[in-house]
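>>> Let me see the structure of the following:
(chains A and B)
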Amino acid sequence: GAGVSQSPSNKVTEKGKDVELRCDPISGHTALYWYRQSLGQGLEFLIYFQGNSAPDKSGLPSDRFSAERTGGSVSTLTIQRTQQEDSAVYLCASSLAQRETYNEQFFGPGTRLTVL
Amino acid sequence: GQQLNQSPQSMFIQEGEDVSMNCTSSSIFNTWLWYKQDPGEGPVLLIALYKAGELTSNGRLTAQFGITRKDSFLNISASIPSDVGIYFCAGHNFNKFYFGSGTKLNVKP
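Numbering: from 1, shown residues only, chains lettered A, B, ... in the order given. Below you'll find the model as predicted:
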């Protein structure tokens, strides 16, 4: 497809279970971002990838959160031992490499995570 | 981290009215951005502003990059029902983006 895709679109899980969220960026985009959006809130930065490496993980809220990116393409965000406060929409965005000059970010539709 | 203050939080207007929303920051940015998010979708870029003082239009939308590089506003003229959604400002420096908390726009036909 032409845009950023994310799966699943919705995920309901029980507290304490692990979840994996997937992001397929636009082909050729080397930069990839994960954000969290709680109900009625703005976007909270989680992690940034340039290629397969993550030079900025400063937004990950706890060590239960991790992310990886393989082959410079698909990325997976993993949340271990989910808590109810993890319920949110998780958005992925990709772009050409971000340096001093801005390159447009393109967002996926998000994964809505509900932790019961 | 850098925080963006976006106001108003929500607006209820009549179709045909003009709308204005703004964003301020304690830090300067190299680029200011305005996005719109429809329910169940990711934000979509409306306007990008690249230098201080820049005024840019995109159809009924007009946005300005503040001269201090710490603020920006977005105006929507002659609103229509499909303008309904959440509007976000964002600032960009190097490889990082910082988002405002959004302005929820409701338009009554």
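>>> Strands of chain A, residue ranges please.
A:5-7, A:10-13, A:19-24, A:31-37, A:43-50, A:53-56, A:65-69, A:75-79, A:88-95, A:106-107, A:111-115 (DSSP state E).
>>> Least reliable of the ones you listed by average pLDDT, please.
Lowest mean pLDDT of those: strand A:53-56, a mean of 85.
>>> what packs against that one?
Judged by 3 or more C-beta pairs under 8 Å, 6 or more residues apart in numbering or on different chains; DSSP states H and E, strand A:53-56 is in contact with strand A:43-50. (Each C-beta comes from the backbone N, C-alpha and C, glycine too.)
>>> Sheet-wise, list the partners of the strand it packs on with their directions.
According to DSSP bridges, strand A:43-50 forms sheet pairs with strand A:31-37 (antiparallel), strand A:53-56 (antiparallel).
>>> In JSON lines: these, plus mean neighbour count.
Shown next, in JSON lines, are the strands paired with strand A:43-50 (neighbours: other C-beta atoms under 10 Å in any protein chain shown):
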{"stretch": "strand A:31-37", "mean neighbour count": "24"}
{"stretch": "strand A:53-56", "mean neighbour count": "14"}
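>>> mind listing what residue B:63 touches?
Counting by C-beta atoms under 8 Å, 6 or more residues apart in numbering or on different chains, residue B:63 makes contact with B:32, B:34, B:46, B:47, B:49, B:55, B:56, B:57, B:72, B:73, B:74, B:75.
>>> State the distance from residue A:107 to residue A:61.
Separation of residue A:107 from residue A:61 (C-beta to C-beta, to the nearest Å): 20 Å.
>>> More neighbours: which of the two?
Set side by side, residue A:107 and residue A:61 show more neighbours around residue A:107, with 22 against 12, by other C-beta atoms under 10 Å in any protein chain shown.
>>> List buried residues within the contacts of residue B:63.
Among the contacts of residue B:63, those scoring as buried are B:32, B:34, B:46, B:47, B:49, B:56, B:72, B:73, B:74 (criterion: 16 or more other C-beta atoms under 10 Å in any protein chain shown).
>>> Need the max-distance pair from those.
Comparing all pairs in the buried ones among the contacts of residue B:63 by C-beta to C-beta, the longest separation belongs to B:46 and B:73, at 12.8 Å.
>>> so what pLDDT did the closest residue to chain A within chain B get?
Among all residues of chain B, residue B:42 sits closest to chain A, at 2.9 Å; criterion: C-beta to the nearest C-beta. Residue B:42 is assigned a predicted lDDT (pLDDT) of 94.
>>> Name the nearest residue to it, ignoring sequence neighbours.
Of all residues not flanking residue B:42 in the chain, residue A:107 sits nearest, at 2.9 Å (C-beta to C-beta, 6 or more residues apart in numbering or on different chains).
>>> who's the one you found bridged to?
With DSSP bridges as the rule, residue A:107 is bridged to residue A:93.
>>> Check the contact between it and residue B:44; I expect there is one.
Yes: between residue A:107 and residue B:44 there is a contact at 7.3 Å, judged by C-beta atoms under 8 Å.
>>> ok, now which ones touch the closest residue to residue A:41 other than its chain neighbours?
Counting by C-beta to C-beta, 6+ apart, residue A:41 lies nearest to residue B:101, which is 6.0 Å off, once chain neighbours are set aside. If a contact means C-beta under 8 Å, 6+ apart, then residue B:101 has A:41, A:42, B:4, B:6, B:9 as its contacts.
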